[in-house]
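1. quick one, fold the following:
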Amino acid sequence: MEGVTSLGAYGGRGGDPWSYILNSGLKEIIIHEDKNIKSISFKDSTGFTSGTFGGNSPDNSERGKERKIVLDWVSEYLISISGTHGVFNGVADVIVSLSFQTNLKIYGPFGTTTIGKPFTIPIDEDSLLLGFFGRCGYYLDALGSYVKPEPIISVGEWGGSGGSPFSFKVRMSWIKQITIRHDSSNIKSLFFKDGNDHEYGPFGGEDPNNRGIDINGPSEFLTAISGTYDIYYGMMVITSLSFITNLKKIHGPFGNSETGPTFSHQTQDGAIVGFHGKSGHFIDSIGVYVKLEGVSSLGAYGGTGGDTWSYIYLISINGTHGKFNDIPDDVILSLSFQTNLKTYGPFGTTTGEPFTIPLSEDNVLVGFFGRCGYYLDALGTYVKPEPIISFGEWGGSGGSPFSFKVGKSWIKQITICHDSSNIKSLFFKDGNDLEYGPFGGEDPNNRGVPTT
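-> All right, here's what the predicted structure looks like:
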């Protein structure tokens, strides 16, 4: 399965292999347990039930007690599985205990937690759980999961710095309804509902003038947002908003779109699945969460003048845009380019409205786009996500934490310092000869023998 990652399996090598792929969201987990985990089975939200994995002992006393976990999918979903595995009843290595953690609660532990080695299978919030696999016979010998990363990036915020932060992302659904409270001056508040009728908000203040947007998903979904922001009673707030779907339906503008700098975001191959920002009496600032499918565009920031253009290790582009030489629309006034090593610029004049185009370390920059004429009117980037997930860690809980990821490169060299008893330290070098470490080896009298 393309793009699918297997996490695990944890446990032993006995029994026969098994695998189960969900047709839809996970609804039930059925366990038979006593002093260990005898068997496991699953049911998805369509009612389809998997086979029973384990529980094949001819001794009825070895079948265990049934424990059924019923999830309130889609509002409840699995975020991790943890447990222990070890020797049981003469069998070398089986699953001895299990716990299931959802976004709402923890189920378990089931079995015996006082024996065996612990393990955890994390299911990242931006990953989709596709199924399970492992080994089984008399008992559940091993367990793992299939996940597929769903890259979600944050774009923005635009507006002012006042108010309290808000943030939400819909999961396994779409933004179905948006309620905007506004008047002729600005946006007062926002309220959202997803395709499962879960509600987010309201964010902001009260106003009797409500306008509603209905998005008829899942075939229709939000792909773009635009708006303006300006000073209102001494505060920088969002003054207007428009929302656009993949079917080119334009909702808005709501509020006052006649004054203040403009902003917009259009995702080409993805969907807007959430919002973040700040709010108080009004919507002070707003940004979006975008679930990417392929390449996404970030920007363009600046004006609408000039002609469109496109061009195919930056980590961010910063700048300002505003009025220049009596041109009616904004142009780019200044630019700075930040790499993983240094900052180039600023170039130009740093007056005007600031903007930032973040380039996440887990994304590949694949090009630029914007508008141009006499000047550079607008600038944006194309990025493609490269999902990176964390596995482990295995070992003890002592020591100080370490962590690194190579940028646009590969791990070229590993140096291991060791002796016949254990690993003393690790040292890494990437394809750009950047060094990471050494990690460990702090005992000056016992640093081991280096091997590269």
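2. distance check, Phe221 against Gly111.
-> 42 Å (C-beta to C-beta, to the nearest Å). All C-beta atoms are positioned from the backbone trio N, CA, C, and that covers glycine.
3. these two - which one has more neighbours?
-> Gly111 (27 against 22; other C-beta atoms under 10 Å).
4. per-residue confidence at that one?
-> Gly111 carries a pLDDT value of 95.
5. thought it was touching Phe88?
-> No: with contacts defined as C-beta atoms under 8 Å, Gly111 does not count as touching Phe88, sitting 9.2 Å away.
6. could you name every residue contacting both of the two?
-> Listed as contacting both Gly111 and Phe88 by C-beta atoms under 8 Å, 6 or more residues apart in numbering are Lys35, Asn36, Val96.
7. and Phe347, how many neighbours?
-> Neighbours of Phe347 under the rule other C-beta under 10 Å: 13.
8. I figured Ile121 hits Thr5, correct?
-> No: using C-beta under 8 Å, Ile121 is not in contact with Thr5; the gap is 11.2 Å.
9. which of the two has more neighbours?
-> In this view Ile121 and Thr5 are compared by other C-beta under 10 Å, and Ile121 has more residues nearby, 20 against 16.
10. contacts only, for the more buried one.
-> Ile121 sits in contact with Leu7, Gly8, Tyr10, Ser80, Ile81, Ser82, Leu143, Gly144, Ser145, where contact means C-beta under 8 Å, 6+ apart.
11. same thing but 7 Å
-> Going by C-beta atoms under 7 Å, 6 or more residues apart in numbering, Ile121 touches Leu7, Gly8, Ser80, Ile81, Gly144, Ser145.
12. doesn't it fall inside a strand?
-> Yes: counting by DSSP: H, G, I helix; E, B strand; the rest coil, Ile121 is found in a strand.
13. which among the shared contacts of Gly111 and Phe88 end up buried?
-> For the shared contacts of Gly111 and Phe88, a burial check counting by 16 or more other C-beta atoms under 10 Å picks out Asn36, Val96.
14. out of the shared contacts of Gly111 and Phe88, which are inside helices?
-> When the shared contacts of Gly111 and Phe88 are checked against helices (DSSP state H), there are no matches.
15. among the shared contacts of Gly111 and Phe88, which are located in strands?
-> Val96 (DSSP state E).
16. need the shared contacts of Gly111 and Phe88 in CSV (columns: pLDDT and distance to Tyr436).
-> Below are the shared contacts of Gly111 and Phe88 laid out as CSV (pLDDT from 0 to 100; distance: C-beta to C-beta, whole Å):
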residue, pLDDT, distance to Tyr436
Lys35, 92, 44
Asn36, 94, 41
Val96, 96, 36
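17. ramachandran angles for the residue of the chain positioned farthest from its centre?
-> Distance from the centre of the chain peaks at Asp59, with 46.1 Å (C-alpha atoms, centre = their mean). For Asp59, the backbone dihedrals (degrees, to the nearest 10) come out as phi -90, psi 110.
18. tell me, how many residues neighbour Thr113?
-> 16.
19. meant to ask about Thr120, not that
-> If we define neighbours as other C-beta under 10 Å, then Thr120 has 15 of them.
20. and the most centrally placed residue in the chain, what is it in contact with?
-> Centroid check for the chain by C-alpha atoms, centre = their mean gives Asp126 as the closest residue, at 3.8 Å. Asp126 sits next to Pro149, Glu150, Pro151, Ile152 when contact means C-beta under 7 Å, 6+ apart.
21. now do Pro122
-> Ser80.
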